[in-house]
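> here are the coordinates; sequence isn't available:
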Ligand SMILES: [Zn+2]
């Protein structure tokens, strides 16, 4: 079961969200309209919080498709009911995916070295 309330469980997050919300209110010239949805999302604590490629956290709403709780937004695996269900299964795919990214980064680094050698 994925915990849908990461805000309560992570002491660093409330400050982070407060800054995020205040920034949005400022952007809207002090209007709460847009920030209101963010505040609701904050109170419910159902942020996606996937780590994006740029290192920032994803602040979209986490979805709950069907009767299966999901702690991620639509872009980060929140939709759909397929995929691993058990803790062991989830660990297996997360490890595999981490390996894939690691391999990709290594390859990219190797290409950079080859390119450097060719140019120098
Ligand atoms: Zn997301």
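Happy to help now that I have it. Treat the numbers as computed from the prediction; the structure is a model and nothing was measured. Numbers count the residues shown, from 1 in each chain.
> what does the protein put close to the ion?
By Cβ under 5 Å from the ion, the part of the chain that sits against the ion consists of 48, 50, 58, 60, 73, 76. For every residue, glycine as well, the C-beta is placed using N, CA and C.
> Export the residues you listed to CSV and append columns for secondary structure.
Output for the residues of the chain next to the ion, formatted as CSV (DSSP: H, G, I helix; E, B strand; the rest coil):
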residue, secondary structure
48, coil
50, coil
58, coil
60, coil
73, coil
76, helix
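> In those residues, which residue is surrounded by the most others?
Top of the residues of the chain next to the ion by neighbour number is residue 48, holding 23 neighbours under the definition other Cβ atoms under 10 Å.
> any idea how far that residue lies from residue 56?
In this view, residue 48 and residue 56 are 12 Å apart by Cβ to Cβ, to the nearest Å.
> What of residue 31?
Residue 31 sits 24 Å away from residue 56, taking Cβ to Cβ as the criterion.
> Looking at those two, which has the bigger crowd around it?
Each of residue 31 and residue 56 had its neighbours counted (other Cβ under 10 Å), and the higher figure belongs to residue 31 (12 against 8).
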